[in-house]
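Peer 1: can you look at this prediction? I've put the sequence above it.
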Amino acid sequence: MSLPEILNLLLGGTTITGFIIAWKSRNAQVQITETNAIQELQKAYRDFIADNRAEVEDLKKEVLRLRTELEQHKNQCRNCKAA
């Protein structure tokens, strides 16, 4: 084999190797990006759930307060005469 043939083989192999390494590197970067996106979505979902639970608890307390107030008004009006 002559020197130009050997260089051609080596350089061609390097190009293919470089292509494979770049392709695998890109795939790894895509996976990292997807993983980061999923983690951000999970965090946002956990925050949403926590906020939602707090709001539901506040609404339950408000409903209980309004029911109590309604019962008080009903009890007061039982003795009222219609005008």
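Peer 2: Looks like it arrived, so ask away.

Peer 1: export stretch 73-83 to CSV, keeping only CA atoms.
Peer 2: Provided in CSV are the C-alpha atoms of stretch 73-83 (Å, rounded to 0.1, in the frame of the first residue of the first chain):
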residue,chain,number,x,y,z
HIS,A,73,-79.6,33.3,59.4
LYS,A,74,-82.2,30.5,59.1
ASN,A,75,-82.3,30.2,62.9
GLN,A,76,-82.8,34.0,63.2
CYS,A,77,-85.6,34.0,60.6
ARG,A,78,-87.6,31.2,62.1
ASN,A,79,-89.1,33.6,64.5
CYS,A,80,-89.5,36.4,61.9
LYS,A,81,-93.0,37.2,60.6
ALA,A,82,-93.5,37.8,56.9
ALA,A,83,-94.2,41.5,56.2
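
Peer 1: could you report the pLDDT at the one residue sitting closest to the centre of the chain?
Peer 2: For the chain, residue 41 is the residue whose C-alpha lies nearest the centre (Cα atoms, centre = their mean; 1.3 Å). Listed pLDDT for residue 41 reads 97.

Peer 1: pull up the gap between it and residue 50, please.
Peer 2: From residue 41 over to residue 50 the distance is 15 Å, taken as Cβ to Cβ, to the nearest Å. (C-beta placed from N, C-alpha, C; glycine too.)
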